[in-house]
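# The sequence and its predicted three-dimensional model are supplied below.
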Amino acid sequence: MTRRVSFAWILPLFLLGVSLTGAQGPAPASAPVPSMADKNWTRIRTLISFLITDEGTRKVFTSHRGLGESFGSEEHFSFFVAPWRARLSVLPAARQEALDVDLETLQKADGTTTCLMTYHHQEPANAITIVKTVWQGENLLKVVFMKGFSNILDDNAARNRKYEREESYRQPVRPLPGARK
């Protein structure tokens, strides 16, 4: 006859921090590991804070060798970023505090990470600015700015009220000159 041994009593002791080896107290807690989304948020937040100023833009170009392939020179990169500064704003430390900003990341097989950050602007209503960045490890390879309008309603109630309040995107389309009517 075999006797069945139950180890169910070990789990409550383990959860209370009791060690079977004689060590006292619970194991020290390790620091929380930041998620990939948090890491990318911090990276994008830092980048945007630098791009808002001329000096910061120069620092970004000189500290990321990969931008040289895309832009050629520091002057060209500064000239490219300058008109977009008015559409950028400092991002809060926590992603959850940025109600008008979305961040999507895509990890590719070649080791690059693409981040798409979308600003939803208050004025004009439903205007968006998209900042696309491509990273190889910690090295920034490419920055692309895009602008446009969005009339997509989503689960953000504040954003939806903004779209409903301003109906400028619903104006009728005018035909091109010389087009048939």
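That came through, no problem.
# residue contacts, the nearest residue to residue 65 once chain neighbours are set aside?
Spatially, and ignoring its direct neighbours in sequence, residue 65 is nearest to residue 139 (6.5 Å; C-beta to C-beta, 6 or more residues apart in numbering). C-betas here are computed from N, CA, C, even on glycine. If a contact means C-beta atoms under 8 Å, 6 or more residues apart in numbering, then residue 139 has 64-66 as its contacts.
# Going by distance to residue 119, which of those residues wins?
Residue 119 lies nearest to residue 64 out of these, by C-beta to C-beta, at 21.7 Å.
# quick one: the closest residue to the closest one other than its chain neighbours and residue 79, what's the gap?
Once flanking residues are discounted, residue 64 sits nearest to residue 140: 3.9 Å by C-beta to C-beta, 6+ apart. Distance of residue 140 to residue 79, given as C-beta to C-beta, to the nearest Å: 18 Å.
# Mind checking which of those two has more residues around it?
residue 140 (21 against 12; other C-beta atoms under 10 Å).
# check contacts around the more buried one.
Residues near residue 140 by C-beta under 8 Å, 6+ apart: 47, 60, 64, 66-67, 133-134.
# Which two of those have the greatest separation?
Put simply, by C-beta to C-beta the two of the contacts of residue 140 set farthest apart are 60 and 134, 13.8 Å from each other.
# picking that back up, out of the contacts of residue 139, grab the one that's most surrounded.
residue 64 (20 neighbours).
# hey, C-alpha coordinates of the host helix or strand of residue 147 in PDB?
In the assignment (DSSP states H and E), residue 147 maps to strand 139-149. The C-alpha trace of strand 139-149 is given here as PDB (Å, rounded to 0.1, in the frame of the first residue of the first chain):
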ATOM      1  CA  ASN A 139      20.400  54.600 -31.400                       C
ATOM      2  CA  LEU A 140      17.800  56.800 -33.200                       C
ATOM      3  CA  LEU A 141      17.900  56.100 -37.000                       C
ATOM      4  CA  LYS A 142      15.000  58.100 -38.400                       C
ATOM      5  CA  VAL A 143      12.500  60.700 -37.400                       C
ATOM      6  CA  VAL A 144       9.400  61.400 -39.600                       C
ATOM      7  CA  PHE A 145       6.700  64.000 -38.900                       C
ATOM      8  CA  MET A 146       3.200  63.800 -40.300                       C
ATOM      9  CA  LYS A 147       0.100  65.900 -39.800                       C
ATOM     10  CA  GLY A 148      -3.500  65.400 -40.600                       C
ATOM     11  CA  PHE A 149      -7.000  65.200 -39.300                       C
END
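# What strands flank that strand, and is each parallel or antiparallel?
Here strand 139-149 is paired, per DSSP bridges, with strand 127-136 (antiparallel).
# got the contact list for the host helix or strand of residue 38?
Assigned by DSSP H and E, residue 38 falls within helix 36-51. Residues outside helix 36-51 that contact it (C-beta under 8 Å, 6+ apart): 34, 56-57, 59-60, 81, 84-85, 88-93, 95, 103, 105, 107, 113, 115, 117, 131, 133, 135, 140, 143.
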